[in-house]
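Colleague: generate a structure from the sequence data that follows.
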Amino acid sequence: MTVDVNRRALLGALGGAAMAATSGNASAAGSAAPREPGLSELQAAMARGALTSVQLVRRCLARIEQIDRHGPHLRSVLEINPDAFKIAAALDAERRAKGPRGPLHGIPVLVKDNIATGDRMSTSAGSLALADAKAPRDATVVARLREAGAVILGKTNLSEWANIRSSHSTSGWSGRGGLTLNPYALDRNTSGSSSGSAAAVAAGLAPVAVGTETDGSIVSPGSICGLVGIKPTVGLVSRHGVIPVSHTQDTPGPMACSVSDAAALLGAMAGADPLDPATAANPAGATDYLKALDRAALTGARLGLVRGAYTGLDAVDALIDLAVAKLKELGATIIDPVELPDAKKYADAELDVLLYELKADLGQYLAEFAPGASVRTLADVIAFNEREHARELRLFSQDLLVKAQGKGGLDEAAYKDALALCRRLARDEGIDRVLSEYKLDALIAPTGTPAWVTDLVNGDNSVASFSTPAAVARYPHITVPAGSVAGLPIGLSFVGSAYSEARLIGYAYAYEQATHHRRPPGFARSAAIKP
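Modeller: Here you go, the predicted model:
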């Protein structure tokens, strides 16, 4: 069974003809699919008076009610901003009086619920321990979005505590929000931890959303939900006011249906912030990434194909081979193969870094952004979960939180050694070495496997992911739709050196515009494949 996925309300507001509702299973996705209106089209409609921000908010909320609360019941949106209509009305009035502030003026944006919003919504990381925690002020990235004219529409569900709670977790589940379902096949996983942000945008509940990534949490759900996801260079976007996992690897980033929309959102989010020391290295200059949108960007580009990141799944790897052929057709030189050091060499060290930094940083966040919460430390969170075992621990444990609590301080040699090993293997002897040795502009690879069947007993069972090298190196990573297998989206990754977002956006845009692989979801009960 499927439900209407064509965003007729939005298309109607743009003056487009209503499209016929899709029916059947996800295998029907090969037929012509309706295209989501992008931010530029929404702005054009508002400019000519065919649409207002209030109307857009109303239609998004109606769709959340239809798709998220009822129908397939995705559970992607945890909470709606009770002030959304008031904000939208004020922005409509400002538009009439002064014109728009930019490409996000009046646009509803969903924000992952580990990012503080200084309003009447909670910021919980999906945990019941913070279900009623109201932040006293916005995270810097939210403040920047408001300054750009965005309407913060609501908070999205996520893998609880950004998936740092258990080594056997089910991605997309939180104690506060339950399990987010994949709109392409409801029995399949969304990946995580930005599960709700990915599912909501894919399902047309909002034009764009903000996710966060420590390792894979934007690009993996982005790929699996047929989106463009950008994991920026660490330091391009402020993390102040984001519930921390790792100050070494954490970063917010945009999730959207197109490269242009993701670029517009990133431009509003990026910028130096004295409250986040990592942004001090942020190079001065404009952050208008819309200027990077160039259909000819791949002409003359040298891209290294990381064949070691191939999934081993014939249908998926065949799609990536087709993508590589298209990149060549668009003017790129492909160096095939290039190889990065095996991420397994620093997997244990990476986890050590994350656990040390979680323990060190969480208390500071709670003191500053959750002053009324009953939990003040990581130890308090662990104790809360034990008291609320039936609600919080019934599906999987909190072994990673317990391991983090057992770590010492950031002055310990074990932490410093792990951090140095990660930087050396992922950056100096990894991405940097390969880019330099082969004179490459970027690396390419499959982002990962298709969505796996959700298993609440055994937890996640994804096969392959290309997220770790860029995550540990702190470098930018963009995933863009490259097609689908059995109706399940597959992403193509572009990875570059620090602050090479504009270049990667250009490559991703040129590929996207030449292929147009994205298809809206069909809300099938299961994937379109039979034995």
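Colleague: surely Leu110 is in contact with Val151?
Modeller: No. Between Leu110 and Val151 no contact is recorded; they are 10.1 Å apart, counting by Cβ atoms under 8 Å. In this view, the C-beta of every residue, glycine as well, is placed from N, C-alpha and C.
Colleague: by contact count, what packs against the strand or helix carrying Gln364?
Modeller: For Gln364, the enclosing helix or strand under DSSP states H and E is helix 344-369. In terms of contacts (3 or more Cβ pairs under 8 Å, 6 or more residues apart in numbering; DSSP states H and E), helix 344-369 is packed against helix 378-387, helix 399-405, helix 413-422, helix 468-473.
Colleague: give me the mean pLDDT for the shortest one.
Modeller: Rounded to a whole number, the mean pLDDT of helix 468-473 is 98.
Colleague: quick check: what element follows that helix along the chain?
Modeller: Beyond helix 468-473 in the direction of the C-terminus, DSSP H and E gives the next helix or strand as strand 477-485.
Colleague: got the CA positions of that following strand in CSV?
Modeller: In CSV, the C-alpha atoms belonging to strand 477-485 read as follows (Å, rounded to 0.1, in the frame of the first residue of the first chain):
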residue,chain,number,x,y,z
HIS,A,477,31.8,14.9,2.2
ILE,A,478,28.8,15.2,-0.2
THR,A,479,26.4,12.5,-1.2
VAL,A,480,24.1,12.8,-4.2
PRO,A,481,21.5,10.4,-5.6
ALA,A,482,23.0,7.9,-8.1
GLY,A,483,19.9,5.7,-8.8
SER,A,484,18.2,2.9,-6.9
VAL,A,485,18.1,-0.8,-6.4
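Colleague: sheet partners, orientation included, of that strand?
Modeller: On the basis of DSSP bridges, the sheet neighbours of strand 477-485 come out as strand 228-231 (antiparallel), strand 488-495 (antiparallel).
Colleague: for those strands, give me a markdown table that also has distance to Ala116 and mean pLDDT.
Modeller: What follows is the strands paired with strand 477-485, written out as a markdown table (distance: least, Cβ to Cβ, whole Å; pLDDT from 0 to 100):
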| stretch | distance to Ala116 | mean pLDDT |
| --- | --- | --- |
| strand 228-231 | 20 | 99 |
| strand 488-495 | 29 | 98 |
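Colleague: most tightly surrounded among those?
Modeller: Ranked by mean neighbour count under mean count of other Cβ atoms under 10 Å, the strands paired with strand 477-485 are led by strand 228-231, which reaches a mean of 33.
Colleague: okay but Ala185 is in contact with Ala451, surely?
Modeller: Yes. Proximity of Ala185 to Ala451 meets the contact threshold set by Cβ under 8 Å, at 6.6 Å.
Colleague: which residues are common contacts for the two?
Modeller: With contacts taken as Cβ atoms under 8 Å, 6 or more residues apart in numbering, the residues that reach both Ala185 and Ala451 are Leu488, Ala527.
Colleague: any low-confidence regions in this protein?
Modeller: Across the chain, the stretches falling below the confidence threshold (pLDDT under 70) are 1-35, 285-286.
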